[in-house]
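1. Dropping a prediction and its sequence here:
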Amino acid sequence: MTIDDYILEHSQPESELLARLDREANVKLLHPRMVSGHIQGRLLSALSWMIRPERILEIGTYVGYSAMCLAEGLADNGKIITLDIDDEIEDMAREYIARSPYAEKIDFRIGDAVKLIPEMEEVFDLVFIDGNKRDYIEYYECVLPKVKKGGFILADNTLWAGKVAETPESNDYQTKGLIAFNDFIAKDERIDRFILPLRDGLTIMRVR
């Protein structure tokens with residue numbers, strides 16, 4: 001048994017709906033690894049339950065897996081707004097979100113987060129950044145003024161298979177974007193932060 005198998009065997013199982021979505025993504029989509037998956041999904045759910053947020057913002061819906069996990073811990077009157085610029089897999093995401101017990105709490109919008117976020121009036125308790133890695137700093141600066149003091153920002157893929165600790169190729173703009181983001185927040189006195197080495201790296205930030 002591998003350590004990953006051991007972790008899965010001793011962790012809370014994912015729901016049948018989430019397991020079905022994960023399987024379908026792996027069969028049908030070119031980049032199934034972009035799905036948060038079982039263990040990260042359980043972490044997102046646990047963090048949401050700990051915070052009990054009334055408002056969550058997610059940047060990067062993909063197939064909706066992480067949005068449904070985050071929705072599990074919402075306050076009774078809570079809502080999650082999830083944004084994605086790619087409409088090619090919108091139908092799959094909307095189908096599964098509609099079948100979720102949290103469907104009424106998930107507001108799925110297609111569009112450019114950098115343009116949509118400044119127009120929002122909500123104040124968020126929790127933000128999950130998982131969009132285009134080249135734009136992480138821009139996402140971060142857009143959302144920071146809209147997160148309440150003591151609120152949390154999560155950023156996914158911040159270890160990027162270890163490539164953030166290496167010199168990137170000249171045309172590897174995703175890795176360059178993540179390195180720039182990690183360096184930027186490491187010096188940002190507006191937040192407390194640490195990187196959790198789970199899966200591809202998850203940075204957890206608390207707004208001071």
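-> Everything's here; your move.

2. so what's the backbone phi/psi at residue 83?
-> When read as degrees, to the nearest 10, the backbone of residue 83 gives phi -120, psi 140.

3. Counting neighbours, which bits of the lengthiest strand in the chain end up buried?
-> Determined from DSSP state E, the single longest strand within the chain is strand 147-156. Within strand 147-156, the residues scored as buried using 16 or more other C-beta atoms under 10 Å are 147, 151, 152, 153, 154, 155, 156. Every residue, glycine included, has its C-beta placed from N, CA and C.

4. again with stretch 25-34
-> 25, 29, 32, 34.

5. Pipe these into CSV and attach distance to residue 91 per row.
-> Output for the buried residues of stretch 25-34, formatted as CSV (distance: C-beta to C-beta, whole Å):
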residue, distance to residue 91
25, 13
29, 12
32, 17
34, 17
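
6. any chance of the residues you listed in JSON lines, plus secondary structure?
-> Formatted as JSON lines, the buried residues of stretch 25-34 follow (DSSP: H, G, I helix; E, B strand; the rest coil):
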{"residue": "25", "secondary structure": "helix"}
{"residue": "29", "secondary structure": "coil"}
{"residue": "32", "secondary structure": "helix"}
{"residue": "34", "secondary structure": "helix"}
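
7. ranges for the helices of the protein?
-> Counting by DSSP state H, the chain has helices at residues 3-9, 16-28, 38-51, 65-71, 90-99, 113-116, 136-143, 173-186.

8. re earlier: can you tell me which of the buried residues of stretch 25-34 is nearest residue 164?
-> residue 34 (17.6 Å; C-beta to C-beta).

9. how near is that closest one to residue 115?
-> Separation of residue 34 from residue 115 (C-beta to C-beta, to the nearest Å): 22 Å.

10. for residue 132, same thing?
-> Residue 132 is 13 Å from residue 115, by C-beta to C-beta.

11. Thanks a lot, catch you later.
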